[in-house]
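Novice: with the sequence up front, the predicted model follows.
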Amino acid sequence: MSVIGQGIDRLDGRSKVTGQATYSAEHKLPRLAYGVMVLSTVPKGRITAIDSAAIGRMPGVMLVMTHQNAPRLPKPKAEGKTSGKEGNRSAGAEQSKPDNKQQPPNPKLSLLQDDRVEYNAQPIAVVVADTFEHARDAARRVQVRYATAPAQLDFQQAKLHPRRPEPQPERPPETGRGNATRGLQNAATRVDVTFTTPMENHNPLEPHATIAAWEGDALTLYDSTQNVSGVRRTAAQSLGIDPEKVRVVCPFVGGGFGSKGTTWSHVVLAAMASRMAGVPVKLVLERTQMYGPVGARPLTEQHLQLGASREGKLLAVTHDTISSTSFVDDFVEPCTAVTRKAYASDSLQTSQRLATLNVGVPTYMRAPGESSGSFALESAMDELAYALKMDPVALRLVNYAEKDPEKDIPWSSKSLRECYRAGAERFGWARRKPEPGSMRTDGKLVGWGMATAAYPANRKGAKASARINPDGTVLVRSGTHDLGTGTYTVMTQIAADALGLPVSRIRFELGDTSFPEAPVSGGSQTVASVGPAVHQAALAARDKLVATALGDSGSALHGLNANEVDAVDGWLVAKADPKRRDSMAAVVARNGGKPIIGEASAEQGDEKKRYAMQAFGAVFVEVHVDPDLGTIRVPRIVGAYGVGRVINRKTTHSQLMGGIVWGIGMGLMEKTEMDWRVGRAVNANLADYHVPVNADIGEIEIIVVDEQDKHINELGTKGVGEIGITGMAAAIANAVYHATGKRIRDLPITPDKLIDV
């Protein structure tokens, strides 16, 4: 029986729970010193003075690196100003993109090259000392004087002058088909609504951390990252050195969720400080420093119009989004991406615009765009269902997209109908009373809501190697990452299946730029990208082993054809006569003990031109609302998903559950509270930035429907890391409306929004 699909325990689990897993800040290096960043306390201006002389005389201090003494880095060409033209449905004057004069190659980085401050909590200095305590104490005593300048910190003002973002693949600034204006005019029922989502910050258990160590002109970075190859490229480019001189190591990541997919300032600053101090430098961000210089989910305001016939058929959809960005660099939260593909409608128009603020550059956060966009779209669909007096599931089925409505090509696979059916049946949706406020239990208002979940099935090129050793074990390598998602385990299963070996005979290694290159572990693409490379590398090694045995007169398989031999449980076996067999270890031993190596590069073909690739799901939520206090509990959730072939049943379940839990946080709790007078987060800690804990989570039931996808990749697998959060905030909001009759369109849904004052 194939090991693929089995829910085997995580192979890295024991090392993690026993403390043997080495995270980025835990590597032991001789003469290791400690760095602490100093962050700005104003949102815009210039540094007029930094009192570093006295700090340098404090106990243990080895270096105070500021813009006055930091190494000068290569200067890219100034980008100048760019602008775009607004679409015909978007009003307001254009903003110009700010000049990027004298910025590093990656404009997101603040590398102490000048005295400018563009946002509060921008890195402006690094203190290095012999102990963390000495470095932290010195960093907190650094005195900085500023010449402040007016800052743009009002989203409502900034959005009056939106900017058109630069086009990106799969993320155009505007899209359109049909005639949305006419469709809305002809609609029997219309919904015209606006939704907002707040700024949200990542809070992985492991904060960002880097150890930088030079040996001559070669640099090693032990960095907590989702993209070792990306860190290598950015560090080399920023420092002006050959990428071959940079090695990045990251065997374990204590959570990333998108925040560690980008190379941030502290990584290169650690390298600069290490070179200046002449010793390895460890730089770990404090929890408060996770708010500002390493990105966040941006603010969004989303305006939707839906027009439908009396039967519920969508005649027109418009979705216009404005999201916050930074003066340092642009980031677009692609909220309209989900709307463009979700439902069959002949007329649709979308637009994405940016409102520029003096804040740190936003970044990817679990299902960027799809999580916030699905909140708006799926809430609006629920409002339309009530306006039509239709069941919310029935409305979605009326508008079911049998093919990609944007590109007019077939889906590689789509099991959404089955997800609706299985989820509704398990949840008991047929027993729902449609009238708001009509269901109660134990004095609490009961609400049932649902939403569609969807996320792209992404894939990029990846490489891997497999080495069959003389003892019959196999070492498989790829420069990918395990963010806590189960990559070690899943890749081992894929290799074991291809080689006909038990999992115990496979060792999979990752997280090192000296291994074959793999893409960023983001966009739910690791298994779909690296899995085929591992599969092909293992098959290549197996084929070499079979060829060696067939050409070996000492082998029981000598003289057979390759297609007459199978690999089973560590043996090469003749299919026609299982008694004719040779152990893998024996074949390698007779070959002089030289390991047999297979290498592979799995590239994406033209399949995305022929097929649209998405994962789909349906989520059903029950909420209990206290009518007096407005408190909300979520005692029950059922999620049904079609995600292609499942490699590991247990890790798939965990990933989907994790996304659902995060969706509860997004719907009910998460918000970065900013003091917009100065542009700084005031709840920059795990006490005040609320996320769900065990007591907040009720029963979660997950259904994974059987789905075969012959087109996405040779394994037929799609990602599961992000689809679980999509649709969740909307399903909660829809359930709250069903319970209370109050439609909350601004996240998070907190008690104060439900209490009549």
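Specialist: Nice, I can see it.
Novice: how is this protein carved up into domains?
Specialist: Following automatic domain parsing, the chain resolves into domains at 15-73+111-151+203-290, 407-458+609-753, 460-603.
Novice: average pLDDT for the second one?
Specialist: If I follow you right, that is domain 407-458+609-753. Averaging pLDDT along domain 407-458+609-753 gives 97.
Novice: end-to-end on it?
Specialist: 40 Å (CA to CA, to the nearest Å).
Novice: all strands in the stretch 101-250 of the chain, in order from the N-terminus.
Specialist: 116-117, 123-129, 143-148, 174-177, 189-197, 209-215, 218-223, 246-249 (DSSP state E, counting those that start in this stretch).
Novice: and for the stretch 401-550 of the chain?
Specialist: Under DSSP E, counting those that start in this stretch, the stretch 401-550 of the chain gives strands at 403-404, 409-410, 440-441, 444-456, 462-468, 474-477, 506-509.
Novice: nearest to A687, of those?
Specialist: strand 444-456 (27.8 Å; CB to CB). Heads up, the C-betas are built off the backbone N, CA and C, glycines and all.
Novice: report the contact partners of I632.
Specialist: Contacts of I632 were listed using CB atoms under 8 Å, 6 or more residues apart in numbering, and they are V623, H624, V625, D626, L668, I732, V736, I749, P751, L754.
Novice: and those, which two are the farthest apart?
Specialist: The largest distance within the contacts of I632, taken as CB to CB, falls between D626 and I732 and amounts to 15.5 Å.
Novice: so which of these two has more stuff around it?
Specialist: A direct count of neighbours by other CB atoms under 10 Å for D626 and I732 places I732 higher, at 31 against 15.
Novice: what is the neighbour count of the residue nearest to R417 when sequence neighbours are not counted?
Specialist: Nearest residue to R417, sequence neighbours excluded (CB to CB, 6 or more residues apart in numbering): Y400, at 6.8 Å. Residues lying near Y400 (other CB under 10 Å) number 14.
Novice: hey, what's Y400 bridged with?
Specialist: Y343 (DSSP bridges).
Novice: give me phi/psi at Q302?
Specialist: Per-residue torsions, Q302: phi -130, psi 120 (degrees, to the nearest 10).
Novice: count of neighbours near it?
Specialist: Applying other CB under 10 Å, I find that Q302 has 26 neighbouring residues.
Novice: quick one: contacts for it?
Specialist: By CB under 8 Å, 6+ apart, the neighbours of Q302 are T194, F195, T196, T197, H319, D320, T321, I322, C335, S372, G373, A376.
Novice: are any of these buried, and which?
Specialist: Burial by neighbour count, judged by 16 or more other CB atoms under 10 Å, picks out F195, T196, T197, H319, D320, T321, I322, C335, S372, G373, A376 from those.
Novice: how far is stretch 221-235 from where the chain is centred?
Specialist: Its chain's average C-alpha position is 16 Å from that of stretch 221-235, according to CA atoms, centre = their mean, to the nearest Å.
Novice: let me see the ranges of the helices in the stretch 651-757 of the chain.
Specialist: For the stretch 651-757 of the chain, applying DSSP state H, counting those that start in this stretch gives helices covering 728-740.
Novice: now tabulate the strands of the stretch 101-250 of the chain in CSV and tack on distance to T717.
Specialist: Shown next, in CSV, are these (distance: least, CB to CB, whole Å):
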stretch, distance to T717
strand 116-117, 46
strand 123-129, 39
strand 143-148, 51
strand 174-177, 29
strand 189-197, 30
strand 209-215, 31
strand 218-223, 28
strand 246-249, 27
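Novice: most tightly packed of those strands?
Specialist: Among the strands of the stretch 101-250 of the chain, the stretch with the highest mean neighbour count (mean count of other CB atoms under 10 Å) is strand 123-129, at a mean of 25.
Novice: ok, that one: who's next to it in the sheet?
Specialist: Checking strand 123-129 against DSSP bridges gives partners strand 33-39 (antiparallel), strand 61-65 (antiparallel).
Novice: orientation of the longest one relative to strand 209-215 in degrees?
Specialist: Direction vectors for strand 33-39 and strand 209-215, defined by axes from the mean of the first three to the mean of the last three CA atoms, to 10 degrees, enclose an angle of 130 degrees.
Novice: let me see the mean pLDDT of strand 33-39.
Specialist: Strand 33-39 comes out at a mean pLDDT of 98.
Novice: swap in the shortest one?
Specialist: In this model, strand 61-65 carries a mean pLDDT of 98.
Novice: now for the domains of the chain, which one comes closest to G178?
Specialist: Of all the domains of the chain, domain 407-458+609-753 sits nearest to G178, with 12.2 Å by CB to CB.
Novice: centre of the chain to that closest one, how far?
Specialist: 16 Å.
Novice: next, the angle strand 462-468 makes with the helix ranked longest in the chain.
Specialist: When the chain is parsed with DSSP state H, its longest helix is helix 526-550. With the same axes, to 10 degrees defining the directions, helix 526-550 sits at 40 degrees from strand 462-468.
Novice: and helix 526-550, what does it pack onto?
Specialist: Packing partners of helix 526-550 (3 or more CB pairs under 8 Å, 6 or more residues apart in numbering; DSSP states H and E): strand 462-468, strand 474-477, helix 487-499, strand 565-568, strand 571-574, helix 584-590, strand 596-602.
Novice: dump the ones you listed to JSON lines, plus mean pLDDT.
Specialist: Below are the helices and strands packed on helix 526-550 laid out as JSON lines (pLDDT from 0 to 100):
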{"stretch": "strand 462-468", "mean pLDDT": "98"}
{"stretch": "strand 474-477", "mean pLDDT": "98"}
{"stretch": "helix 487-499", "mean pLDDT": "98"}
{"stretch": "strand 565-568", "mean pLDDT": "96"}
{"stretch": "strand 571-574", "mean pLDDT": "97"}
{"stretch": "helix 584-590", "mean pLDDT": "95"}
{"stretch": "strand 596-602", "mean pLDDT": "98"}
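Novice: okay, the ones you listed in TSV with distance to V361 and mean neighbour count next?
Specialist: Below are those laid out as TSV (distance: least, CB to CB, whole Å; neighbours: other CB atoms under 10 Å):
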stretch	distance to V361	mean neighbour count
strand 462-468	27	26
strand 474-477	33	24
helix 487-499	27	25
strand 565-568	49	17
strand 571-574	54	20
helix 584-590	50	20
strand 596-602	32	20
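Novice: quick check: which of the ones you listed is nearest to W448?
Specialist: Nearest to W448, of all the helices and strands packed on helix 526-550, is helix 487-499, at 34.6 Å by CB to CB.
Novice: now do the closest one against helix 526-550, angle only.
Specialist: 30 degrees.
Novice: output helix 487-499 in PDB, but only the C-alpha positions, please.
Specialist: Provided in PDB are the C-alpha atoms of helix 487-499 (Å, rounded to 0.1, in the frame of the first residue of the first chain):
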ATOM      1  CA  THR A 487       7.400  19.500   4.800                       C
ATOM      2  CA  TYR A 488       9.900  17.100   6.300                       C
ATOM      3  CA  THR A 489       7.300  14.400   6.600                       C
ATOM      4  CA  VAL A 490       5.400  14.900   3.300                       C
ATOM      5  CA  MET A 491       8.600  15.000   1.200                       C
ATOM      6  CA  THR A 492       9.800  11.900   2.900                       C
ATOM      7  CA  GLN A 493       6.600  10.100   2.000                       C
ATOM      8  CA  ILE A 494       6.900  11.200  -1.700                       C
ATOM      9  CA  ALA A 495      10.400   9.900  -1.900                       C
ATOM     10  CA  ALA A 496       9.600   6.700  -0.100                       C
ATOM     11  CA  ASP A 497       6.700   6.000  -2.500                       C
ATOM     12  CA  ALA A 498       8.900   6.500  -5.600                       C
ATOM     13  CA  LEU A 499      11.700   4.400  -4.300                       C
END
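Novice: compute the inter-axis angle for it and strand 596-602.
Specialist: Going by the same axes, to 10 degrees, helix 487-499 makes 110 degrees with strand 596-602.
Novice: what about helix 487-499, distance to the chain center?
Specialist: 23 Å.
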